[in-house]
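Build me a model:
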Amino acid sequence: MRVEANSVNAFRPAHGSNLTAFGFRVYAVLGYEHDDALFKRGDGPPVTDSAYGVVVIGPTESVEAHAHQAGSGAVIHQVVPLLLTAIFCSGP
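A predicted model of the protein is given here:
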């Protein structure tokens, strides 16, 4: 779909895949891994050596509640108020 300046690559799920995270429909899959040919590098400095997650359709507060209830340590960020929320997998 696109590559951000910080090297995070965004991919749309395949049509009809019905991919979900914590019960919310996935709008995009995000990722970057340094030196992995699957990911393109952006024109700015990478945000980190690796980053993985998704953007879901749902308000941040609800996504946070579902992630917490599932015992996840994921980092949750608001993308578009009341509409899109990013979920980044927590590292080791």
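
Can you pull up the most central residue in this structure?
What sits nearest the mean C-alpha location of the chain, by CA atoms, centre = their mean, is residue 54, with 2.5 Å.

So which residues of this protein form strands?
Secondary structure of the chain by DSSP state E: the strands cover 2-3, 9-11, 20-21, 24-33, 50-57, 75-80, 84-88.

give me the low-pLDDT residue ranges for this structure?
90-92 (pLDDT under 70).

any idea how far residue 46 is from residue 39?
10 Å (CB to CB, to the nearest Å). Heads up, the C-betas are built off the backbone N, CA and C, glycines and all.

Now for those two: what residues contact both?
Counting by CB atoms under 8 Å, 6 or more residues apart in numbering, the common neighbours of residue 46 and residue 39 are 7, 32.

quick one: residue 53 and residue 31 touch, right?
Yes - between residue 53 and residue 31 there is a contact at 7.4 Å, judged by CB atoms under 8 Å.

ok, back up a step: turn the strands of the chain into a markdown table, columns for distance to residue 68.
Shown next, in a markdown table, are those (distance: least, CB to CB, whole Å):
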| stretch | distance to residue 68 |
| --- | --- |
| strand 2-3 | 30 |
| strand 9-11 | 25 |
| strand 20-21 | 14 |
| strand 24-33 | 14 |
| strand 50-57 | 15 |
| strand 75-80 | 9 |
| strand 84-88 | 12 |
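
Can you say which of those strands is nearest to residue 64?
Nearest of those to residue 64, taken as CB to CB: strand 75-80 at 4.9 Å.

now what about that closest one, what contacts it?
53, 55, 60, 63-64, 67, 84-88, 90.

State the pair within those residues that is farthest apart.
Taking CB to CB, no two of the contacts of strand 75-80 sit farther apart than 84 and 90, at 19.9 Å.
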